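>>> Structure here, sequence nowhere to be found:
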């Protein structure tokens, strides 16, 4: 039990908050700017893209009519509330920008609360003149700084479309981020594991997206009860650039204050390292007879959660295929963007190819997270007791890598089955289009293995590699960037299936590159000291 040098209820429970905040911002001096830059670039690139797609009032009016009749696309991006470029930007990017802000915020808060406790560093910090709630306050303030900077960038960047709408959109996206920051603060008090805290908060975000999608598919004006239950639904009902509903910001403020109060109350009623939902004591059920079995026990929740998400996403995107073809219609600019993402073929095949590419980009995030579980086990000290027994480093690493690389194959297989089920035909070509993404996914996973094995202190840079690939694949085609930039991503070299011709050369080269990267990482892991 840790003894604090402050009296309960005194103002000194926040002592040291400023120092901890500066330390948190310094630790996240790379992560936070990258998240902000990716999010801001995605939103700020939309006006020019949409102007090229829907440059006339007639085209925008036609878009609104089609969205009112297309429930599947409303489920994906929400309803349209205005025909200005600002309103279309809020429609096209708002929900996804809010989701990205939420992910950034939950990662920041969990990293500076439960992660610090799990590693034992928080107990050392608390032994000094630091208040009981200082760490939680610093974590929330760090999330507030990140969301505030994002809101300022969006407001300034979109001011040309209308200052009032830009301010509403920026505050709404930041509001979503802070709602999930305070939610993560609550979950961090309830669980003993940082991984579980991130997973549970991300699951709530996924549920919020599903509720909003279900509500928007039922109504074309965001009035469904399901939409109003979700913070992402609040963002779209704020209606930036379309007669803003400023009172909706009170929902964000109320949720942040309420959840923050709950988090502060829980933080004052437990010891450091403890939780309200402790790990079940006693021996583990089942057999843990190998390093692979232990790795599966540690990662099975993540694998199952990602698998369910990819299957569901495949079904949703498959059901949208015909509607997307109708929406693009004769719009040459929209067709050209899809062709850059999915290749030149029939519009339906092009849309399916672009969706399988997007799912592959997201799967790259999974493989990085799964590979870096090795890094987490090592730096937390949990790997040393395992390696102290008759388990070699390669066997220990192989257990996690089988789940990382095999799990990514499972995700793309399930995504293909979901796409085929939602679309209702062409199961074989769609499965092939999903599985052909694997060499690029594995190449990014190989980078993560290499960094962990050779430069463990820089292992987190693998997130930058995956994020860069995601940014190039997602935003690059819309910005009409040169093909040379698109080719910087391994996904830019893959054959565009279905509809395109199968080219085995890039598939073989990328697979070989992944093998070389993994081998280099394992060789480095075998030679270096274990990191603590």
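Structure's in. What do you need? Every value quoted in this text rests on a predicted model; they were computed, and no experiment measured them.
>>> The stretch 101-250 of the chain: strands as residue ranges?
With DSSP state E, counting those that start in this stretch, there are no strands along the stretch 101-250 of the chain.
>>> Can you pull out the low-pLDDT segments for it?
For the stretch 101-250 of the chain, the stretches with pLDDT under 70 are 119, 122-123, 126-128, 131.
>>> Next: the chain.
For the chain, the ranges with pLDDT under 70 are 1-11, 72, 119, 122-123, 126-128, 131, 270-289, 322-347, 475-481, 531-532.
>>> residues in contact with residue 165?
84, 86, 87, 90, 158, 240, 241, 242, 244 (C-beta atoms under 8 Å, 6 or more residues apart in numbering). Where you see a C-beta, it was placed from the backbone N, CA and C, and this is true even at glycine.
>>> how does it look with 6 Å?
Taking C-beta atoms under 6 Å, 6 or more residues apart in numbering, we find residue 165 in contact with 86, 240, 241.
>>> Which residue, other than its chain neighbours, is closest to it?
Residue nearest to residue 165 in three dimensions, not counting chain neighbours: residue 241, with 3.4 Å by C-beta to C-beta, 6 or more residues apart in numbering.
>>> burial of that neighbour, as a residue count?
Neighbours of residue 241 under the rule other C-beta atoms under 10 Å: 24.
>>> Now do the phi/psi pair for it.
phi 70, psi 10 (degrees, to the nearest 10).
>>> wait, it sits on residue 89?
No: in this structure, residue 241 is not within contact of residue 89 by C-beta atoms under 6 Å, at 7.6 Å.
>>> the helices in the stretch 1-150 of the chain, which residues?
17-27, 31-44, 46-53, 57-69, 71-77, 85-111, 114-119, 121-126, 134-157 (DSSP state H, counting those that start in this stretch).
>>> Surely residue 499 is in a helix?
No: with DSSP: H, G, I helix; E, B strand; the rest coil as the criterion, residue 499 is located in coil rather than a helix.
>>> Tally up the residues packed near it, please.
So residue 499, with other C-beta under 10 Å, has 20 neighbours.
>>> now do residue 530
If we define neighbours as other C-beta under 10 Å, then residue 530 has 13 of them.
>>> so how far is residue 296 from residue 304?
11 Å (C-beta to C-beta, to the nearest Å).
>>> Wait, residue 418 touches residue 316, no?
No: under the criterion of C-beta under 6 Å, residue 418 is not in contact with residue 316, lying 7.9 Å apart.
>>> Could you check which of the two is surrounded by more residues?
Applying other C-beta under 10 Å to residue 418 and residue 316 shows that residue 418 carries more neighbours, namely 24 against 19.
>>> Sticking with the more buried one, tell me its helix or strand.
helix 393-423 (DSSP states H and E).
>>> Might one say that residue 74 is in contact with residue 216?
Yes: judged on C-beta under 6 Å, residue 74 makes contact with residue 216 at a distance of 4.5 Å.
>>> of those two, who's got more company?
Shown here are residue 74 and residue 216; by other C-beta under 10 Å, residue 216 has more neighbours (29 against 23).
>>> just to revisit the earlier point, who's more crowded, residue 304 and residue 296?
Comparing residue 304 with residue 296 by neighbour count (other C-beta under 10 Å), the higher total belongs to residue 296, at 18 against 11.
>>> ok, the nearest residue to the more buried one once chain neighbours are set aside to residue 444 distance?
The shortest distance from residue 296 to any non-neighbouring residue, by C-beta to C-beta, 6+ apart, is to residue 403 (6.2 Å). Look at residue 403 and residue 444: by C-beta to C-beta, they are 16 Å apart.
>>> quick one, which of the two is more surrounded?
In terms of neighbours (other C-beta under 10 Å), residue 444 is the more surrounded of residue 403 and residue 444; the figures are 29 against 23.
>>> Neighbours of residue 191, how many?
22.
>>> Might one say that it is in contact with residue 198?
No: using C-beta under 6 Å, residue 191 makes no contact with residue 198, being 9.5 Å away.
>>> neighbours around residue 354, how many?
22.
>>> please renumber so the chain begins at 23
Understood, numbering begins at 23; the last thing we discussed is residue 376.
>>> For my notes, confirm it occurs in a helix.
Yes: per three-state DSSP, residue 376 lies within a helix segment.
>>> Name the nearest residue to residue 134, ignoring sequence neighbours.
residue 161 (3.8 Å).
>>> Now do the contacts for that neighbour.
131, 134, 135.
>>> what about residue 458, neighbour count?
25.
>>> Tell me the buried residues in stretch 418-434?
418-423, 425-427, 429-434 (16 or more other C-beta atoms under 10 Å).
>>> again but with stretch 325-341, I slipped
325, 328-329, 331-341.
>>> Tell me the one among those nearest to residue 540.
residue 325 (19.1 Å; C-beta to C-beta).
>>> Could you double-check that the closest one sits in contact with residue 429?
Yes: at 4.9 Å, residue 325 counts as touching residue 429 under the criterion of C-beta under 6 Å.
>>> Can you tell me the centre-most residue of the chain?
residue 125 (5.5 Å; C-alpha atoms, centre = their mean).
>>> if I pick the residue nearest to residue 392 when sequence neighbours are not counted, what's in contact with it?
Excluding its sequence neighbours, the residue lying closest to residue 392 (C-beta to C-beta, 6+ apart) is residue 426, at 3.6 Å. Residues in contact with residue 426 (C-beta under 6 Å, 6+ apart) are 389, 392, 393, 467.
>>> residue boundaries of the strands in the stretch 323-472 of the chain?
Under DSSP E, counting those that start in this stretch, the stretch 323-472 of the chain gives no strands.
>>> Output the contacting helices and strands for the biggest helix by length in the chain.
Among the segments of the chain that qualify as a helix by DSSP state H, the longest is helix 313-350. Secondary-structure packing of helix 313-350 (3 or more C-beta pairs under 6 Å, 6 or more residues apart in numbering; DSSP states H and E): helix 93-99, helix 369-393, helix 415-445.
>>> try it again with 8 Å
helix 79-91, helix 93-99, helix 216-240, helix 354-364, helix 369-393, helix 395-401, helix 415-445 (3 or more C-beta pairs under 8 Å, 6 or more residues apart in numbering; DSSP states H and E).
>>> Nearest to residue 313, out of these?
That would be helix 415-445 among the helices and strands packed on helix 313-350, by C-beta to C-beta, at 4.1 Å.
>>> Let me know the distance separating the closest residue to residue 446 other than its chain neighbours from residue 377.
Nearest in space to residue 446, with sequence neighbours left out and distances taken as C-beta to C-beta, 6+ apart, is residue 340 at 7.6 Å. Distance of residue 340 to residue 377, given as C-beta to C-beta: 8 Å.
>>> Common neighbours of these two, please.
residue 441.
>>> Check what contacts stretch 257-275 and list those residues.
In contact with stretch 257-275 (C-beta under 8 Å, 6+ apart) are residues 100-101, 103-104, 106, 108-109, 111-113, 116-117, 120, 183-184, 186-188, 190-191, 193-195, 197-198, 200-201, 234, 238, 244, 249-250, 253, 256.
>>> Can you select the buried ones among those for me in PyMOL?
Per 16+ other C-beta under 10 Å, the buried members of the contacts of stretch 257-275 correspond to this PyMOL selection:
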select buried, resi 100+101+103+104+106+108+109+111+112+113+116+117+120+183+184+187+188+190+191+193+194+195+197+198+200+201+234+238+244+249+250+253+256
